[in-house]
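1. just need the structure, nothing else, for what follows:
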Amino acid sequence: MKFCFIYNKKASSGRKSNFIKKICNNLKLSHHVDLFETVTEKEAEDLFKQIVKQDYDRLVVAGGDGSVCFAINQLIKNNFQPKENFAIGYVPAGTANILQAELGMSKNINKISQTLMSDNLEKTNLVKINDNYFILMAGIGWDAQIVQSINSKIKKILGKVIFGIKGLEKFIFMKNTKIKVNIDNDELLADWVLCSNSRYYAGHHKITDTNIFEEKFTTYIFKDLSRMKLLYYIFLIIFNGNLNKSTSVITKNTNEVKLKTFDKSIPIQIDGDNFGSLKDIVIKSSKRKFNLLKAAWNFYLLHFESLQ
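-> Down below sits the predicted model:
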């Protein structure tokens, strides 16, 4: 097979370089591998313009969750037409690495290599937000405020710690922007909305049974967000493992949700990366799908959970 291996050095400050090279060397024992390292977004954009012209069997992305999201959006923007067995592989080298949990990816070099060379793939359900796509989640409001406030250089140094620091800051100086939510013929007011296509949130904390291979996504609508309620929601996420158990959170499994603010734009994050601020947002399931490689044991885990 012919591999295109992209390492986003910005996601880990280059700390994973030796780790990445060892995986590449494993793949090179029996396959052709082109390794590309990127630092800036412009470098990555230019690279994808060339990648779509090549006949690769596998695109391997080493970086954070946002790196895979970026890669998929670049493929779509460049009108990439994947062949039937084309698949995207993921090597966790970011901060949260939620996709690692979804795909059951190990941190072991040999196990990662085995997964990347396997045919254990499944089509993921992409969710569209305006003109872009995400795999895992979109946060509108509180969590996006945190993401927008984080300096990328400090994030490289502190890693996950910076999310705690900025989370505390946004908790103390909480400022909510009202969001009009249209979903399943209902109109609601919210202070924070989370659209999750993943079982996990804020690391490897399970919040729902939805996963990236299903057609629908879960929307959580947080009304009248106060500091006390926020503490309760954080407790549910970290210790309870299921936001669906809260009667104060409106939960909907849906294919589309429309959001609108009344005056100023509201911050948005997709797959843990800053998506800017907007007044009008449409989030819906799309017909776009890509094969993702996943660890063999994860196949059995997902099917076992579906029987519960």
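2. which helices and strands does the helix or strand containing Ser113 pack with?
-> Ser113 is part of helix 109-116 when elements are defined by DSSP states H and E. Here helix 109-116 touches helix 17-28, strand 87-92, going by 3 or more CB pairs under 8 Å, 6 or more residues apart in numbering; DSSP states H and E. C-beta: built from backbone N, CA, C; applies to glycine.
3. which positions within the longest one qualify as buried?
-> Applying a neighbour-count criterion of 16 or more other CB atoms under 10 Å, one finds 19-20, 23-24, 26-27 buried in helix 17-28.
4. off-centre distance for that helix?
-> Distance, stretch centre to chain centre, for helix 17-28: 24 Å (CA atoms, centre = their mean, to the nearest Å).
5. could you figure out how far the helix or strand following that helix is turned away from helix 17-28?
-> Using DSSP H and E, the helix or strand that directly follows helix 17-28 along the chain is strand 32-38. Relative orientation of strand 32-38 versus helix 17-28 (axes from the mean of the first three to the mean of the last three CA atoms, to 10 degrees): 160 degrees.
6. list the buried residues for strand 32-38?
-> 33, 35, 37-38.
7. over to Asn151: give its phi and psi.
-> Torsion angles at Asn151 (phi, psi; degrees, to the nearest 10) stand at phi -80, psi 130.
8. burial measure for it, as a count.
-> Asn151: 11 surrounding residues under other CB atoms under 10 Å.
9. OK, contacts around it?
-> The neighbourhood of Asn151, defined by CB atoms under 8 Å, 6 or more residues apart in numbering, contains no residues.
10. ok so, going back, orientation of the helix holding Ser113 relative to helix 17-28 in degrees?
-> Between helix 109-116 and helix 17-28, the angle comes out at 50 degrees (the same axes, to 10 degrees).
11. could I get the buried residue list for helix 109-116?
-> Buried residues in helix 109-116, defined by neighbour count with 16+ other CB under 10 Å: 112-113, 115-116.
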